[in-house]
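Novice: Fold the stuff below for me.
(one chain, ligands or ions: 2)
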Amino acid sequence: MFVPTLMGQCTPEQQAYWLPRALDMQIIGTYAQTELGHGTFIRGLETTATYDPETETFVMNSPTLTSYKWWAGGLAKTVNYCIVVAQLYTKGVCHGTHPFIVQIRDEETHMPRPGVKVGDIGPKLGFNTADNGYLGFDNYRIPRDNMMMKNAQVLKDGTYVKVARHGKATYGTMVFVRVLLVNEAAFNLAKACTIAVRYSAIRRQCSPDSEGSELQVLDYSTQQHKLFICIATAHALQLNSTWLWKTFSDTLAAIKQGNVDTLPELHALSSCLKALSTADAASLIEQCRHACGGHGYMMSSGLPYLYAFVTATRTYEGDYTILLLQTARFLVKAYEQVEAGKPLTPTVSYLSQAFTGKKLPWDSSPDGIIRAFQALAAGKLSSTVKSLRKRLESGLSYEQAWELSTIQLNGAAEAHCRAVMSQNYKSEIERLTVNSSPNVKLVLQQLYKVYLYYWALERTGDLLLYTSISESDIFELQLRYEGLLKEIRPNAVGIVDAFDLRDEVLHSALGSYDGNVYERLMAEAQKSPLNAEPVNQTFHTYLKPMMKGKL
Ligand SMILES: CCCCCCCCCCCCCCCCCCC/C=C/C(=O)SCCNC(=O)CCNC(=O)[C@H](O)C(C)(C)COP(=O)(O)OP(=O)(O)OC[C@H]1O[C@@H](n2cnc3c(N)ncnc32)[C@H](O)[C@@H]1OP(=O)(O)O
Ligand SMILES: Cc1cc2nc3c(=O)[nH]c(=O)nc-3n(C[C@H](O)[C@H](O)[C@H](O)COP(=O)(O)OP(=O)(O)OC[C@H]3O[C@@H](n4cnc5c(N)ncnc54)[C@H](O)[C@@H]3O)c2cc1C
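Specialist: Residues are numbered from 1 along each chain as shown. Ligands and ions are numbered 1, 2, ... in the order given. Sure, this is the predicted structure:
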């Protein structure tokens, strides 16, 4: 995050100075925004940077315990520079949060600079190879030039000048990383399902008839139900990530030309896609672990590491709930635009047809299911806005009415995101398989249908509310879904092999290409320190005296 922020928040002159040093790793940096007391609410950050025109420096201070920076990766022991997000004061006025480049350690000795308090925050659920740190300042001075001045400037005499065309321009790095995290979710989920599918082809358990041999667990319908949605979701996330990357690049190009019109839509999309992709990836990686039974619980399966790593992505760079609520803000505005007969931006354009007051006729084709997901999102949005307005009519303030409606707002944003993801999944497959063989097309479409049927069956309650789906339609969809799992089964191992992940990347005794699961599990077990000696010292110190009644 250090380098992208240098690129996004510095003037060309500042970039010319800092970027080569960072890219050559003459300096190592991190992004220190979150504090002990505040992560989500950026405007509530307490670290201060007060401009002193006499010395042309900013004085950095951490006025309270809760103002200490907390969490930045590499901060504890590795980095010597930081991007610090602090409340800017000049001429006695607070201008809100701004980013500053702050040297925290000596470039030669690596000792913390006087006035800097820095350390490690301690062990975490995962990410324990990263020294996430804390950081506090006591009247620590940095040169005026170290304020990142692309979007706002403080002149030598302390005059504050706003440059950016958009109020949230300084939040740009977060948007960028949210876009990258969708790709990261796809990659890690692909790893988990490669491990679980390969293992399920090796693992045999139970014999349905007394004569036959034990089945590969991959042959069980329930196992296919657990795993094939993981493969389909990895594809869906990968294709959505490519699409989102293009949307991001187009918006960035427009901003460079001075046009910020598409930023709100990009923010709404990157927020909900980051939220849903990280949450889905984390829960499906856990499902892959369940699919590997007891051996999935071994660290040597690789799955606990993956889960611990990915579950953090649901929180960092904007918590799941918070980001869905950002998308909900955008959706409520879109609803108001429909009411006012105004045009809508592309990803919400489906709303313009959606508020008919009638249930959408059910159609179980892939296009029909996408339209149903859109109807569901529109229906939820409409009910949410009704609740919001009812609360406003009862005399509540907008903020109070909004807060009471946030459960519904999150539901509407989730449904909208699922509809967007399904639509993108379909159009990207169509685009990418124009010249593919019929067999490749068939397999990709089978997976795509698994995604649609799975989520339609997960949301039958909502479909009953907002479409004309009947009990027999649901029954028929369930049978089609189960049939599809059997069609995919013969290709399942080939499909995960096609992720093309080397054993070194998977790092798993269960998921290696050669399938030598039991040999690898035993070899990993031999590495346990407890196996280094036949009798452990604890036997002599504790067990034996206890057994002899001498403890
Ligand atoms: C094909 C793809 C190729 C890719 C290549 C692949 C390579 C992959 C490998 C790379 C791996 C990448 C992995 C990287 C890992 C890095 C590790 C990261 C470690 C973690 C770091 C961090 O966590 S840093 C800290 C992050 N913190 C947060 O995210 C805080 C969350 N909070 C917020 O963002 C905001 O405070 C907020 C959204 C909650 C709200 O802010 P605020 O209170 O100030 O605003 P309002 O709610 O009042 O809203 C006002 C108005 O502004 C709009 N808005 C808010 N944010 C933005 C924004 N970012 N952009 C644009 N607009 C924004 C908001 O919607 C409101 O609009 P209205 O019009 O008024 O409604
Ligand atoms: C592994 C890891 C690495 C990180 N790396 C960095 C880093 O390099 N740099 C950095 O600056 N930060 C980093 N962070 C911090 C991270 O960005 C924050 O933890 C994250 O943004 C969530 O903020 P928070 O911890 O304040 O959660 P909180 O906001 O305190 O959330 C707690 C709960 O309250 C809910 N909540 C909060 N506000 C609202 C609201 N308005 N409405 C409804 N519900 C609400 C949330 O949904 C959540 O359930 C990292 C975090 C982790 C876990």
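Novice: Enumerate the residues of the stretch 251-400 of the chain near ligand 2.
Specialist: Residues of the stretch 251-400 of the chain lying near ligand 2 by C-beta under 6 Å from any ligand atom: Ala312, Thr315, Tyr316, Glu317, Gly318, Asp319, Thr321, Ile322. (Each C-beta comes from the backbone N, C-alpha and C, glycine too.)
Novice: Any of these buried? List them.
Specialist: Burial by neighbour count, judged by 16 or more other C-beta atoms under 10 Å, picks out Ala312, Tyr316, Glu317, Gly318 from those.
Novice: domain parsing for this protein?
Specialist: The chain breaks down by automatic domain parsing into domains covering 2-150, 172-336+365-392+403-433+441-492.
Novice: Dump these to TSV, plus mean pLDDT.
Specialist: Output for these, formatted as TSV (pLDDT from 0 to 100):
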stretch	mean pLDDT
domain 2-150	98
domain 172-336+365-392+403-433+441-492	97
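Novice: hey, which of those is tucked in deepest?
Specialist: domain 172-336+365-392+403-433+441-492 (a mean of 20; mean count of other C-beta atoms under 10 Å).
Novice: need the helices for the stretch 251-400 of the chain, in chain order.
Specialist: Under the criterion DSSP state H, counting those that start in this stretch, the stretch 251-400 of the chain carries helices at the ranges 263-291, 303-313, 320-339, 366-393, 398-404.
Novice: Who are the packing partners of the helix or strand following the shortest one?
Specialist: Note on helix 398-404: by DSSP states H and E, the next helix or strand toward the C-terminus is helix 406-432. Counting contacts by 3 or more C-beta pairs under 8 Å, 6 or more residues apart in numbering; DSSP states H and E, helix 406-432 is packed against helix 221-256, helix 263-291, helix 320-339, helix 366-393, helix 438-458.
Novice: I'd like those written out as TSV, with distance to Leu501 added.
Specialist: Compiled in TSV, these are given as follows (distance: least, C-beta to C-beta, whole Å):
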stretch	distance to Leu501
helix 221-256	11
helix 263-291	14
helix 320-339	27
helix 366-393	28
helix 438-458	17
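Novice: what secondary structure does Gly136 sit in?
Specialist: strand (DSSP: H, G, I helix; E, B strand; the rest coil).
Novice: Those residues of the stretch 51-200 of the chain touching ligand 2, which are they?
Specialist: So the stretch 51-200 of the chain meets ligand 2 at Trp71, Ala72, Gly73, Phe127, Asn132 (C-beta under 6 Å from any ligand atom).
Novice: on that earlier part again, possible to save the helices of the stretch 251-400 of the chain as JSON lines with distance to Gly122?
Specialist: As requested, these are exported to JSON lines (distance: least, C-beta to C-beta, whole Å):
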{"stretch": "helix 263-291", "distance to Gly122": "22"}
{"stretch": "helix 303-313", "distance to Gly122": "15"}
{"stretch": "helix 320-339", "distance to Gly122": "24"}
{"stretch": "helix 366-393", "distance to Gly122": "40"}
{"stretch": "helix 398-404", "distance to Gly122": "33"}
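Novice: And for the closest residue to Val260 other than its chain neighbours, the neighbour number?
Specialist: Counting by C-beta to C-beta, 6 or more residues apart in numbering, His166 is the residue found nearest to Val260 once chain neighbours are left out, at 4.4 Å. Neighbours of His166 under the rule other C-beta atoms under 10 Å: 15.
Novice: Assign a three-state SS to the residue in the stretch 1-150 of the chain that ligand 2 sits nearest to, would you?
Specialist: Closest to ligand 2 within the stretch 1-150 of the chain is Gly39: 2.4 Å, counting by C-beta to the nearest ligand atom. Following three-state DSSP, Gly39 is assigned to coil.
Novice: what about it, distance to Arg178?
Specialist: As defined by C-beta to C-beta, to the nearest Å, Gly39 lies at a distance of 15 Å from Arg178.
Novice: re earlier: list the contacts for the residue nearest to Val260?
Specialist: Going by C-beta atoms under 8 Å, 6 or more residues apart in numbering, His166 touches Ile255, Val260, Leu263.
Novice: Repeat that for Gln423.
Specialist: Ile370, Gln374.
Novice: hmm, try it at 7 Å
Specialist: Ile370 (C-beta atoms under 7 Å, 6 or more residues apart in numbering).
Novice: Ok, Gln287 next?
Specialist: Lys226, Cys230.
Novice: what subset of the residues of the stretch 251-400 of the chain next to ligand 2 is also close to ligand 1?
Specialist: With the criterion set as C-beta under 6 Å from any ligand atom, the members of these near ligand 1 are Tyr316, Glu317, Gly318, Ile322.
Novice: Now render those residues as CSV, adding distance to Thr78.
Specialist: As requested, these are exported to CSV (distance: C-beta to C-beta, whole Å):
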residue, distance to Thr78
Tyr316, 18
Glu317, 20
Gly318, 24
Ile322, 28
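Novice: is it true that Leu239 touches Met421?
Specialist: No: the criterion here is C-beta atoms under 7 Å, and Leu239 misses it with Met421 at 8.9 Å.
Novice: related to what we said a few turns ago, which one of the domains of the chain lies closest to Ala354?
Specialist: Smallest distance to Ala354 across the domains of the chain (C-beta to C-beta): 3.3 Å, for domain 172-336+365-392+403-433+441-492.
Novice: Would you work out how far apart the start and end of the closest one are?
Specialist: One end of domain 172-336+365-392+403-433+441-492 sits 40 Å from the other (C-alpha to C-alpha, to the nearest Å).
Novice: correct me, but Lys91 touches Val154?
Specialist: No: contact criterion C-beta under 7 Å: Lys91 and Val154 do not qualify, at 9.4 Å.
Novice: got the contact list for Ala413?
Specialist: Cys272, Leu324, Thr327, Ala328, Leu331.
Novice: ok, now with 6 Å
Specialist: Cys272, Leu324, Thr327, Ala328 (C-beta atoms under 6 Å, 6 or more residues apart in numbering).
Novice: Export those residues as a markdown table, with columns for distance to Tyr220.
Specialist: Shown next, in a markdown table, are the contacts of Ala413 (distance: C-beta to C-beta, whole Å):
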| residue | distance to Tyr220 |
| --- | --- |
| Cys272 | 34 |
| Leu324 | 34 |
| Thr327 | 37 |
| Ala328 | 39 |
